[in-house]
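Peer 1: sharing a model prediction with you, sequence too.
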There are 2 protein chains.
Amino acid sequence: MDRNSDAPMQRALDQARLAAGRGEVPVGAVVLGPDGALLAEAGNRVEADRDASAHAELLAMRAAARRLGTPRLLGCTLVVTLEPCPMCAAAISHFRVGRVMFGAYDPKGGGVEHGPRLFAQPSCLHRPETVGGVREREAAALLRGFFAALRG
Amino acid sequence: MDRNSDAPMQRALDQARLAAGRGEVPVGAVVLGPDGALLAEAGNRVEADRDASAHAELLAMRAAARRLGTPRLLGCTLVVTLEPCPMCAAAISHFRVGRVMFGAYDPKGGGVEHGPRLFAQPSCLHRPETVGGVREREAAALLRGFFAALRG
C-alpha cells in the first residue's frame, strides 16, 4: 500500500465507520510497515472491550508489534482519522513509530498539535514525522454525526 | 486491603521484583476497588508481550476494568512503584481512576510531576488525587540496581 496514496486513510476511515456501527466513538487507524505493507488496522473498542485505553491507534500499534514480534515499530507509519490524544501520542513515542498521518485536528482532546503537544516536550525521546489534516473534513464529519446522534 | 496501609505498595514492589526477574524494567502496580479489594496487579511486560505500551499501570488498569466489566475505574486507587509516564498518566484520566499513589519520582520520564504534568493541563478532563514518594527509596533502588546490572 503506497503510504503517500489515499488508500491507508481510506482504510482508517472504513475502520472509523465500523466503530460507529458498534456504538463506539468513530476513530480508525492502520499501521503500515517500512515497505508499505498493511500490518494492522483497528477502530475504537473502549465499550466493546471495557477498556478506556482501547483507542484505535493503541490497538493497531499493539497488533502491528505482535505481528512483527518486537515492541518497536521502527520505520512504520501510523495513519489515524483523528489527532492522537496524549495517551496515544506518548505510546507512539514508546513504539518508536517513524511517521504519523492524522485526519481531523482535535483542539479539545488532542495531544500532538494541542494540549501538552507531547512531541514538542523536551523530555520526549522519540519524535515521529507528523502530517495532520489528511481528509480532515471527512473524518470530522464522521465524529460530528456520531455526537449529534448521541444528543438525539 | 487498607489503601492507606503499606500493603498495596508492598504488593506493587513485589510485582516490580518479578518484572526484574523477567528482564523487564522493574515497575509494578496494583489497582484497589473503592472498598479496598485488590482488583488487579501487574509488572512491566514490554519485552515479554512485545508491546511498548505494556507498562505495569496500564496492564493493571485494563485487568481491573475487565474484572469490573466497565471501562471506568471510578473510586479506585492505582498504586505504582514509579511516577507514571505521560502515556500512563493520560490513561489514568481516561479510566477515571480516583486516586494514584506512586513510589519513586521520575524526572526524566515522568508525566505527573515532571515533563508535561498531564493532570495540570487545562485540557485534562479528570484529575485523580495524587500522592508521590511512597517508599520512594526502595522503588528507586530497584530501578538503579536494574540499570546498573544492564551496564554490566
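Peer 2: Structure's in. What do you need?
Peer 1: can you tell me, leaving aside adjacent residues, what's nearest to the spatially most central residue of chain A?
Peer 2: Chain A has A:Val80 as the residue nearest its centroid, 3.2 Å off, counting by CA atoms, centre = their mean. Distances taken as CB to CB, 6 or more residues apart in numbering or on different chains place A:Ala29 nearest to A:Val80, at 4.0 Å, with adjacent residues excluded. For every residue, glycine as well, the C-beta is placed using N, CA and C.
Peer 1: what is the burial count for that neighbour?
Peer 2: Burial of A:Ala29 is recorded as 32 neighbouring residues (other CB atoms under 10 Å in any protein chain shown).
Peer 1: wait, what's in contact with it?
Peer 2: Counting by CB atoms under 8 Å, 6 or more residues apart in numbering or on different chains, A:Ala29 touches A:12, A:15, A:41-43, A:56-57, A:59-60, A:78-81.
Peer 1: can you tell me the SS state at it?
Peer 2: Per DSSP: H, G, I helix; E, B strand; the rest coil, the local secondary structure of A:Ala29 is strand.
Peer 1: from B:Arg137, how far off is it?
Peer 2: Summarising the geometry, the distance separating A:Ala29 from B:Arg137, computed by CB to CB, to the nearest Å, is 41 Å.
Peer 1: same check, this time on A:Arg135
Peer 2: As it turns out, when the distance is counted by CB to CB, A:Arg135 lies 52 Å from B:Arg137.
Peer 1: which of the two has more residues huddled nearby?
Peer 2: Neighbours were counted for A:Arg135 and for B:Arg137 using other CB under 10 Å; A:Arg135 has more, 17 against 10.
Peer 1: spit out the contact partners of that one.
Peer 2: A:6, A:9, A:13, A:81, A:103.
Peer 1: which residues touch the last one?
Peer 2: To tie it back to what came earlier, the one meant is A:Gly103. In this structure, A:Gly103 makes contact with A:9, A:12-13, A:80-83, A:133-136, A:138-140, judged by CB under 8 Å, 6+ apart.
Peer 1: check the third one too.
Peer 2: A:Leu13 sits next to A:28, A:81, A:103, A:135, A:138-139, A:142 when contact means CB under 8 Å, 6+ apart.
Peer 1: which of the three states applies to the residue lying closest to A:Leu125 once chain neighbours are set aside?
Peer 2: For A:Leu125, the nearest residue in space outside its immediate sequence neighbours is A:Ser93; the separation is 6.3 Å by CB to CB, 6+ apart. For A:Ser93, the reduced secondary structure class is helix; criterion used: three-state DSSP.
Peer 1: just to revisit the earlier point, am I right that the residue nearest to the centre of chain A is in a helix?
Peer 2: No. Assessed with three-state DSSP, A:Val80 is strand; it does not lie in a helix.
Peer 1: doesn't A:Ala40 fall inside a strand?
Peer 2: Yes. Remark: A:Ala40 belongs to a strand, assigned using three-state DSSP.
Peer 1: in this structure it contacts A:Val30, no?
Peer 2: Yes. Counting by CB atoms under 8 Å, a contact exists between A:Ala40 and A:Val30, whose distance comes to 6.9 Å.
Peer 1: of those two, which one has the most company?
Peer 2: The residue with more neighbours, out of A:Ala40 and A:Val30, is A:Val30; 30 against 22, by other CB under 10 Å.
Peer 1: wait, that one touches A:Pro8, no?
Peer 2: Yes. With contact defined as CB under 8 Å, A:Val30 reaches A:Pro8; the gap is 5.3 Å.
Peer 1: what residues are shared contacts of the two?
Peer 2: Common contact partners of A:Val30 and A:Pro8 (CB under 8 Å, 6+ apart): A:38, A:79.
Peer 1: so who does A:Val31 touch?
Peer 2: Contacts of A:Val31 were listed using CB under 8 Å, 6+ apart, and they are A:38-41, A:60-61, A:63-64, A:73, A:76-79, A:97.
Peer 1: rewinding a little: list only buried entries from the contacts of A:Gly103.
Peer 2: Applying a neighbour-count criterion of 16 or more other CB atoms under 10 Å in any protein chain shown, the buried members of the contacts of A:Gly103 are A:9, A:12-13, A:80-83, A:134-136, A:139-140.
Peer 1: sounds good, over and out.
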